[in-house]
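Sequence first, predicted coordinates after that:
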Amino acid sequence: TVNPDFGQVEADPSEVNLSTYETFFPEKRPFFIEGKSILSYSLQFGDGDLGAENLFYSRRIGRAPQYYPEVMDGEYIDMPDFTSILGAAKITGKSPDGWSVGILESVTAEENAEIKGIGSGKTQVIEPLTNYMVGRLQKDFNKGNTYIGGMITGVNRSISDSNLEFLHKSAYTGGIDLVHKWDDKNWMMDAGIFGSQVNGTTEAILRTQTSMIRNFQRPDANYIEVDSTLTTLSGLGGKFSLSKVGGKFNFGTIISAKSPGLELNDIGYAQQVDNILEVLWSNYHFNDPFSIFRQMHIHANQFAVWDFGGNRNVLGGNIGGNAQFTNY
């Protein structure tokens, strides 16, 4: 696609976000939706809030400009709502022998804001020319019961204005993952390891260290510290789950971790880092009618979250269920 116009795409719902977490918006642009499942590397599990975290978040491409100019009294700003996509190319597919391939390359334009007012008229760069690259490769084995894969991403910005030096000049991520199913797909293991590296000015890396998802500057954190001389920051993460997913009784365990230095949000999506998550879950399905019930489902879960300093920040659990009567 060249200079695509997504003006007819359904608009996002209006929202006021009062939290410290970035809002996740689903992709609605046809170019990015097709083949989306191949160009995906989930950092967590399930389809809830945690399921949104991914090495690739396509809404980064064509995002809103990240700099807002300062204005004097009597001035106002005329600026675009989104960054223009100059061009993009994508190929996704699966070969007969089990190879899944996904490659995406995109370039977004340098964007400028016009500062207008009485006796004034000037422009200022609010988003640099940026190149995005995503590559995904997977191989199926054992009649589709096992697959191993890898993913890499890269973001490179052409920053020539000092007011944009708070952005990373480059950002790279990569990961490998493995899924294995056995016992007629009643059991499943899902594991992966991933990492990141961002590069930029000391201002950019300091901003990353003190961002709300990281907070290296908090006084009670004796295991991390702010280093204002850094021009690069790296981090690692991983995930592991073992689950019984077949039959009436399902259960499993989940463990995932993201180190304090992990930074994925140039082209991925992560709401929070510096955490270790542990989950135990179970549920039971009554699929056959009995008594006055047509069907019933009950579940129980336990979960906890620690930071990399060993502090337990979350401890919780829940028990719930639902039922349907024979008369619906």
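Alright, I've got the coordinates. Residues are numbered from 1 along each chain as shown.

and Ser196, what does it touch?
171-173, 234-235, 261-264 (CB atoms under 8 Å, 6 or more residues apart in numbering). For the C-beta atoms, the positions are set from N, CA and C on the backbone; glycine is no exception.

Going through these, which ones are buried?
Among the contacts of Ser196, those buried by neighbour count (16 or more other CB atoms under 10 Å) are 171-173, 235, 261-264.

From these, which land in strands?
171-173, 235 (DSSP state E).

Gly51 - that's part of a helix, no?
Yes - counting by DSSP: H, G, I helix; E, B strand; the rest coil, Gly51 is located in a helix.

correct me, but it touches Ser40?
No - counting by CB atoms under 8 Å, Gly51 stays clear of Ser40, with 10.4 Å between them.

the more surrounded of the two?
Ser40 (16 against 13; other CB atoms under 10 Å).

Looking at the ones in strands among the buried ones among the contacts of Ser196, which one is closest to Lys36?
Thr173 (17.6 Å; CB to CB).

Next one: the residue sitting furthest away from the middle of the chain from Thr326, what distance?
Here the chain reaches farthest from its C-alpha mean at Ser291, the gap being 45.3 Å by CA atoms, centre = their mean. From Ser291 across to Thr326, the span is 8 Å (CB to CB, to the nearest Å).

What of Tyr68?
Tyr68 sits 59 Å away from Thr326, taking CB to CB as the criterion.

Checking my notes, Lys185 in a helix, right?
No - under three-state DSSP, Lys185 sits outside any helix and is assigned coil.

Now for the nearest residue to it once chain neighbours are set aside: which residues touch it?
Leaving aside its sequence neighbours, Lys185 sits nearest to Gly246 (CB to CB, 6 or more residues apart in numbering; 6.2 Å). Gly246 makes contact with 183-187, according to CB under 8 Å, 6+ apart.

and which of these is nearest to Asn3?
Lys185 (45.0 Å).

Helix or strand for Tyr223, just tell me which one.
In this assignment (DSSP states H and E), Tyr223 forms part of neither any helix nor any strand.

returning to that earlier point: closest to Ser256 among the contacts of Gly246?
Trp187 (19.3 Å).

What distance do you get for the closest one to Gly174?
Distance of Trp187 to Gly174, computed by CB to CB: 28 Å.

where does this protein have low pLDDT?
Across the chain, the ranges flagged by pLDDT under 70 are 7, 47-49, 119.

Would you state the helices of it in chain order?
30-33, 202-209 (DSSP state H).

These: which one's closest to Ile148?
Once the helices of the chain are compared by CB to CB, helix 30-33 is nearest, at 25.4 Å.

Flag every buried residue along the closest one.
Here helix 30-33 shows 31-32 as buried, counting by 16+ other CB under 10 Å.

hmm, who's touching that helix?
Applying CB under 8 Å, 6+ apart, the set of residues contacting helix 30-33 is 1, 4, 9, 27, 58, 61, 88, 90.

Could you identify the pair within these that is furthest apart?
Val9 and Lys90 (16.8 Å).

which one of those two has more residues nearby?
Lys90 (17 against 14).
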